[in-house]
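S.K.: Generate coordinates for the sequence data below:
(one chain, ligands or ions: 1)
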Amino acid sequence: MRLSRTAFAIALVGALGAGLAAQRGGTRIAPGQECPPGTTEVRPGNCQAPQEQAPSILDYRPRSTLVTAEHKVPKAKFPTVDVHGHPGALTTPEQIDRVISVMDSLNLRVMLVAENVSGERLTRTLAALNASPHKERFRVLAGVDFRNVGPGWGANAARQLEADLKAGAIGVGEVPKSFGLRITKPDGSRLKVDDPEMDPLWAAFARLDVPAFIHTAEPQEFFQPLDYKNERWLELALFPDRRNNQPGQVTFEQLMTERNNLFRKHPKTRFVAAHFGWHANDLARLSKMLDEFPNVTIEAGAILYDLGRQPRAAREFFIKYQDRIMFGKDSFQPDEYPYYWRVFETADEYFDYYRDYHATWKMYGMALPDDVLKKVYYKNAVRVFKGMPAGGWPQ
Ligand SMILES: [Zn+2]
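M.R.: Next comes the predicted model:
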């Protein structure tokens with residue numbers, strides 16, 4: 001066979017390239033195969049190792065050369081209710097003043113204190129807030145003590161709930177993640193989220209017409225092996241107590257099943273699923289959950305990294321479920337709130353998220369319409385948590 005001059009040149013370059021790949025430790029892989037560790041696919045089927053020592057994921061911090069419009073949003077566009085507040089102790093005027101000055105700087109009008117406390121600890125917080133000039137800036141949720149669930153527990157818990165509401169709480173929460181994951185019954189077995197002993201308590205929420213703000217499970221990847229395919233590898237490596245991936249531990253799916261059983265069993269009880277029910281990475285699944293359970297609303301704390309990586313789908317979702325979503329932040333870090341405002345309010349592209357260990361990717365803004373923002377920021381919270389300050393909200 002006689003090669004044309006061009007074909008000959010291409011063949012020669014190809015042969016040289018292959019030779020070079022071999023020299024540099026190139027490895028051939030079959031279609032569908034992955035490159036071996038420490039290498040990357042430089043041409044189809046050809047993997048190479050870099051000539052320099054590769055940095056760890058901790059040290060690789062590339063400067064972005066993208067030049068694009070930036071709209072930092074230090075203050076929310078509308079007054080906001082943070083339904084997932086963990087502001088720390090609020091028992092002295094100094095503590096309250098410190099939180100108020102942060103709230104003012106962010107345009108947070110009301111913080112819902114979601115520390116899951118009951119009885120004497122609850123009344124102490126309520127007394128300090130009631131004595132403060134800022135009492136209209138806070139509302140407080142009560143707590144449930146899930147220890148020793150057994151016969152009679154449900155009725156007692158319902159009585160305690162009633163007392164806590166009389167003392168001034170406007171709901172319960174945040175029911176902690178340990179409920180379902182770690183809390184046990186007196187016989188040592190795991191207390192399941194849908195354990196029937198608790199039915200009298202959940203029924204009391206309906207009778208008293210207050211919501212239960214409940215955190216169930218953890219991000220899906222916390223239940224998966226800690227390998228280099230896990231998108232939360234760094235977080236799990238930093239915080240071993242977040243790993244729920246040992247043999248015998250309850251699975252993510254088991255917890256979701258129990259939670260949905262609870263929602264189904266008590267259709268008259270209003271539940272607020274914290275952290276988008278940990279389905280922010282699968283909005284179709286979350287839609288299904290909301291469609292199936294009209295008694296459930298969701299809260300957006302600590303899942304911004306999932307919204308900001310799918311801004312178009314997230315925008316559609318917020319518009320469709322605009323009456324079911326509330327803003328909440330969870331961890332009280334004043335510098336982090338503006339990232340939420342920016343993702344919700346702007347159309348900015350490819351900007352940093354606030355914690356590298358949550359997300360190795362960048363954020364994009366959802367540019368939510370004002371009507372939707374108002375609902376997410378305060379209208380839904382005022383409706384769901386009765387007893388919020390009634391007046392003074394924008395129409
Ligand atoms: Zn939580």
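S.K.: in this protein, what spans have low per-residue confidence?
M.R.: 1-25 (pLDDT under 70).
S.K.: Would you mind listing what in it touches the ion?
M.R.: Within the chain, the positions near the ion by CB under 5 Å from the ion are 215, 274. To be clear about C-beta, it is placed using only N, CA and C from the backbone, and glycine gets the same treatment.
S.K.: where exactly do the helices run in the chain?
M.R.: Using DSSP state H, the helices found in the chain span residues 5-23, 93-106, 119-130, 153-167, 178-181, 199-208, 233-238, 252-265, 283-292, 304-307, 311-320, 337-345, 370-374, 380-384.
S.K.: Okay, buried residues for the second one please.
M.R.: Meaning helix 93-106. For helix 93-106, burial by neighbour count (16 or more other CB atoms under 10 Å) applies to 96, 99-100, 102-103, 106.
S.K.: now residue 68, nearest residue through space, not along the chain?
M.R.: Closest residue to residue 68 apart from its sequence neighbours, by CB to CB, 6 or more residues apart in numbering: residue 349 at 5.5 Å.
S.K.: can you check residue 106 too?
M.R.: Going by CB to CB, 6+ apart, residue 106 has residue 337 as its nearest residue, at 4.9 Å.
S.K.: and the one you found, what does it touch?
M.R.: Contacts here follow CB atoms under 8 Å, 6 or more residues apart in numbering; on that basis residue 337 touches 76, 106, 108, 329.
S.K.: at 10 Å instead, please
M.R.: 73-76, 80, 82, 102-103, 105-108, 327, 329, 354 (CB atoms under 10 Å, 6 or more residues apart in numbering).
S.K.: Just the buried subset of these, please.
M.R.: If you count burial by 16+ other CB under 10 Å, the buried members of the contacts of residue 337 come out as 73, 76, 80, 82, 102-103, 106-108, 327, 329, 354.
S.K.: For residue 332, see how far away residue 119 is.
M.R.: Using CB to CB, to the nearest Å, residue 119 is found at 23 Å from residue 332.
S.K.: where's the nearest residue to residue 153 once chain neighbours are set aside relative to the ion, distance?
M.R.: Take residue 153 and drop its neighbours on the chain: the residue closest to it by CB to CB, 6+ apart is residue 197, 5.6 Å away. Using CB to the ion, to the nearest Å, one gets 24 Å for the distance from residue 197 to the ion.
S.K.: sorry, back to before: next, format the buried residues of helix 93-106 as TSV and append distance to residue 124.
M.R.: Below are the buried residues of helix 93-106 laid out as TSV (distance: CB to CB, whole Å):
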residue	distance to residue 124
96	13
99	16
100	19
102	22
103	21
106	26
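S.K.: Which one of those is nearest to the ion?
M.R.: In terms of CB to the ion, no member of the buried residues of helix 93-106 lies closer to the ion than residue 99, at 18.6 Å.
S.K.: tell me the contacts of the closest residue to the ion within the stretch 51-200 of the chain?
M.R.: Across the stretch 51-200 of the chain, no residue is closer to the ion than residue 174, which sits at 5.2 Å (CB to the ion). By CB under 10 Å, 6+ apart, the residues touching residue 174 are 83-86, 112, 114-116, 141, 143, 212-215, 272, 274-275, 299, 301, 328, 330.
S.K.: And for the residue nearest to it when sequence neighbours are not counted, the neighbour number?
M.R.: Excluding the flanking residues, the one nearest residue 174 by CB to CB, 6+ apart is residue 114, at 4.3 Å. Neighbour count of residue 114, defined by other CB atoms under 10 Å: 30.
S.K.: Please look at residue 264 and residue 193 and confirm they touch.
M.R.: No: look at residue 264 against residue 193 with CB atoms under 10 Å: they stay out of range, at 11.8 Å.
S.K.: And these two? Which one has more around it.
M.R.: Ranked by neighbour count (other CB under 10 Å), residue 264 and residue 193 place residue 193 first, with 25 against 12.
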